[in-house]
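> Provided below are the primary sequence and the corresponding predicted coordinates.
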Amino acid sequence: MEYNEYLLKTKSLLESNNAKIIAHYYVDELVQRLAEDTGGLVSDSLEMARYGAKQQESTLIVAGVKFMGETAKILSPDKKIYMLDMEATCSLDIGCDYVNFKKFCDEHPDREVVVYANTSAEVKSIADWVVTSSMAVSLVEHLTSLGKKLIWAPDKYLGNYILEKTGADMLLWDGSCIVHEEYKALELRNMIKQYPDSDVLVHPESPRSIIQMAQVVGSTTKLIEASKNSSKKYIIVATEKGIFYQMKKYSPEKIFLEAPTEGEGATCKSCGRCPWMNLNTAKKVLNVFKSKSNEIILAHDIITKAKIPIDRMVNFRLNNVTHKAS
Ligand code: 13P
Ligand code: SF4
């Protein structure tokens, strides 16, 4: 099917169902375009949460992974929230199960619990704070300045990055992103030598050896901004490659390279693709209203408990902390 046909059908379905699409930068280009061209949003995980909560529509279609749909539901419990694919999850979410994480937290009752947005609603329900990569360092810096001792979960690489930046007293959960964990330092070093007129942009879910070679480390939004602002011809990107659609749109004159994920000499590329983000397709945008079987349903008490740390995340602003964990 041609894109225009998808667009016409999607527009009419969204209208008749009083719905809007909220998509992450990592999903398929066609899905991102459908969100943009129908008045929805394409953004990072923090803005997806903030934006979703403000919309008038009664239904949100979340093109991303499960934790994004759950966050939308927690912030807008009266809305219907549909995922394009219920199997779309995240290795960080899978690697941090409620029972074991609760045990870990219970063993350290003197610590405040900060969890990454890439966790289940159950895990969020026992957290003091939820953060995304765009605010994790600032929030931990703030909590550290108040003398708080912390638990961080689930991403050990992001956790270590935050530790290095803030010097926080923070215990780390042992989780990782299967996409970012695969970037290879030796091959990246070779690629930088091969392209001296380049900037390296890295998502902080990557290993330390990769982060150390970056000009810019940050959330997906920060990396897109950095690609716009860079004066270099080549932009080497260590994050999920769905993001290239936005980067190329803003800077068609630049050449974007995927940071190497395996092999030697930077020639062998494994996919750099999140298998779960990749489940989001334009065809599923049309199907979502047919079966209506992809709805996010959460227990009332989980919504109530998880909303507290998520609200703190949504309301946290740099240099302007509006909510503090008690
Ligand atoms: P952002 O919060 O930077 O959009 O990242 C979400 C994510 O899943 C990264 O892998
Ligand atoms: Fe999770 Fe990694 Fe996929 Fe992001 S890219 S959704 S962190 S598995």
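It's in. Ligands and ions are numbered 1, 2, ... in the order given.
> give me phi/psi at Thr132?
Backbone torsions for Thr132, taken as degrees, to the nearest 10, come to phi -110, psi 170.
> right, I mislabeled it, should have said Ile126
According to degrees, to the nearest 10, Ile126 has phi -110, psi 10.
> you'd agree it is up against Lys103?
No: under the criterion of Cβ atoms under 8 Å, Ile126 makes no contact with Lys103, lying 10.7 Å away. All C-beta atoms are positioned from the backbone trio N, CA, C, and that covers glycine.
> any idea how far Val27 is from the residue of the stretch 201-326 of the chain found nearest ligand 2?
With Cβ to the nearest ligand atom, the shortest gap between the stretch 201-326 of the chain and ligand 2 falls at Cys274, namely 3.2 Å. Going from Cys274 to Val27 by Cβ to Cβ, to the nearest Å gives 9 Å.
> between the two, which one's more packed in?
Using other Cβ atoms under 10 Å as the criterion, Cys274 and Val27 rank with Val27 on top: 30 against 25.
> and the pLDDT at the more buried one?
pLDDT, Val27: 98.
> what of the one 5 residues further on?
Gln32 is assigned 98 on the pLDDT scale.
> ok, Tyr195 next?
For Tyr195, pLDDT reads 98.
> next one: Lys284
Confidence score, pLDDT, at Lys284: 96.
> that one touches Tyr82, doesn't it?
No: Lys284 lies out of contact with Tyr82 (Cβ under 8 Å); the separation is 9.9 Å.
> so for those two, which sits in the more crowded spot?
Taking other Cβ under 10 Å, Lys284 and Tyr82 do not tie; Tyr82 has more neighbours (26 against 19).
> surely the residue of the stretch 201-326 of the chain closest to ligand 2 and Glu240 touch.
Yes: taking contacts as Cβ under 8 Å, Cys274 lies within contact range of Glu240: 5.0 Å.
> neighbours around Phe256, how many?
Residues within reach of Phe256, counting by other Cβ under 10 Å, total 16.
> part of a strand, is it?
Yes: counting by DSSP: H, G, I helix; E, B strand; the rest coil, one finds Phe256 located in a strand.
> now do the strands in the protein.
19-24, 41-43, 59-63, 80-83, 112-116, 129-131, 150-153, 170-172, 198-202, 216-217, 234-238, 255-258 (DSSP state E).
> number of nearby residues for the residue lying closest to Glu122 once chain neighbours are set aside?
Distances taken as Cβ to Cβ, 6 or more residues apart in numbering place Tyr98 nearest to Glu122, at 4.1 Å, with adjacent residues excluded. Using other Cβ under 10 Å, Tyr98 has 16 neighbouring residues.
> no further questions, thank you.
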